[in-house]
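1. Turn this into a model:
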Amino acid sequence: PATEAVVIVLVNEAQCEAVCFGGGDGTNLCALLRPGSCVILCSTVNPRWAKEAKERFEARKIHLVDCPISGGAVRATKGELTMMASGDA
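-> Numbering: from 1, shown residues only. Take a look at the predicted model:
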C-alpha cells in the first residue's frame with residue numbers, strides 16, 4: 001500500500017487535538033490513516049503535547065514529524081517560509 005502524508009498547519013494545540021484525535025466516531029487522523037503514514041505537524045504546540053501525540057500515533061504505527069514554520073504572513077506571501085523538520089529517520 002502507498003504511504004500517506006498529511007501536513008497539519010493549525011492555529012493551536014486544541015485544534016490539533018481535535019483533528020488528530022477528537023471525534024469519537026473515527027473521523028480523526030489517527031483513526032483514518034493507515035500504518036506507515038506520516039503526519040507532518042507544523043502547528044504551534046507545547047512540546048509535551050507533541051511528544052504525547054507522537055506516542056499516540058506510534059501506537060498505530062503512524063509517524064509524526066514535528067516541523068515548525070518560521071516567517072509569518074509577510075514572508076509567506078513572498079514564498080520565503082522556513083520549515084524545520086525533526087523526527088525519527
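2. where exactly do the helices run in the protein?
-> Assigned by DSSP state H, the helices in the chain fall at 13-21, 29-32, 47-58, 72-77.
3. Out of those helices, flag the one nearest Gly87.
-> Proximity to Gly87 (Cβ to Cβ) singles out helix 47-58 among the helices of the chain, at 8.2 Å. Glycine gets a C-beta too; all of them are placed from N, C-alpha and C.
4. May I see the buried residues of the closest one?
-> For helix 47-58, burial by neighbour count (16 or more other Cβ atoms under 10 Å) applies to Trp49, Ala50, Ala53, Lys54, Phe57.
5. Tell me the confidence at the nearest residue to the first one once chain neighbours are set aside?
-> What sits nearest to Trp49 in space, not counting adjacent residues and going by Cβ to Cβ, 6 or more residues apart in numbering, is Glu13, at 5.1 Å. As predicted, Glu13 sits at a pLDDT of 94.
6. do the same with the one 4 residues further on
-> According to the per-residue confidence, Glu17 scores 96 in pLDDT.
7. Next: the one 10 residues further on.
-> In this model, Thr27 is scored at 87, pLDDT.
8. nearest to Ala5, of the buried residues of helix 47-58?
-> For the buried residues of helix 47-58, the residue nearest Ala5 by Cβ to Cβ is Phe57; the value is 12.7 Å.
9. for the chain, which spans come out with low pLDDT?
-> Per-residue confidence for the chain (pLDDT under 70) gives these ranges: 1-3, 89.
10. Any chance of CSV for the helices of the chain, columns distance to Ala5?
-> Below are those laid out as CSV (distance: least, Cβ to Cβ, whole Å):
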stretch, distance to Ala5
helix 13-21, 14
helix 29-32, 11
helix 47-58, 13
helix 72-77, 21
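11. now for the ones you listed, which one comes closest to Cys38?
-> helix 47-58 (9.2 Å).
12. Tell me the helices and strands packed up against that closest one.
-> Applying 3 or more Cβ pairs under 8 Å, 6 or more residues apart in numbering; DSSP states H and E, one finds that helix 47-58 makes contact with helix 13-21, strand 38-41, strand 63-66.
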